[in-house]
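Chemist: pasting the structure only:
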């Protein structure tokens, strides 16, 4: 059974920082590309960042390049998203998912972890 535990979302002021965590189980985590995705109310879900199984390769959406950093700890089956210089447009529910051929494999998305950026 595949399970995800996202945490770290919070209310933060513009310019602030947050670190999101996602612990996942039920699939071969250490050999899976992992991605962070986000969905704001009324908008399509979008890919934010991804990281290869060994952590050597990362990719970012243009909107977060230079501000967000994805990392992983395979021993802890956890992927992280360090976010800085947060802007109101970053407000969304954030989720992690294994990725294959550029597409998320996650079936049920749930509520994720909520990031609110407001003064």
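Modeler: That came in fine, so what should we check first? Not measured: the values here are computed from a predicted model. Numbers count the residues shown, from 1 in each chain.
Chemist: now do the SS call for residue 89.
Modeler: Under DSSP: H, G, I helix; E, B strand; the rest coil, residue 89 falls in the helix class.
Chemist: that one: neighbour count?
Modeler: 11 (other C-beta atoms under 10 Å). From N, CA and C alone the C-beta is placed, and that goes for glycine too.
Chemist: go on, the one 10 residues further on?
Modeler: A count of nearby residues for residue 99, using other C-beta under 10 Å, gives 21.
Chemist: ok, residues contacting the helix or strand hosting it?
Modeler: Using DSSP states H and E, residue 99 sits in strand 92-100. For strand 92-100, contacts defined as C-beta atoms under 8 Å, 6 or more residues apart in numbering pick out 4, 6, 9, 20, 22, 24, 27, 29, 32-40, 43, 45, 48, 50, 79, 81, 104-106, 109-115.
Chemist: tell me which residues touch residue 85, please.
Modeler: 15, 17, 67.
Chemist: do that again at 7 Å, thanks
Modeler: Counting by C-beta atoms under 7 Å, 6 or more residues apart in numbering, residue 85 touches 15, 67.
Chemist: could you do residue 108 as well?
Modeler: Applying C-beta under 7 Å, 6+ apart, no residues contact residue 108.
Chemist: helix/strand/coil for it?
Modeler: Applying three-state DSSP: residue 108 is coil.
Chemist: verify the stated contact: residue 55 with residue 72.
Modeler: Yes. Between residue 55 and residue 72 there is a contact at 5.3 Å, judged by C-beta atoms under 7 Å.
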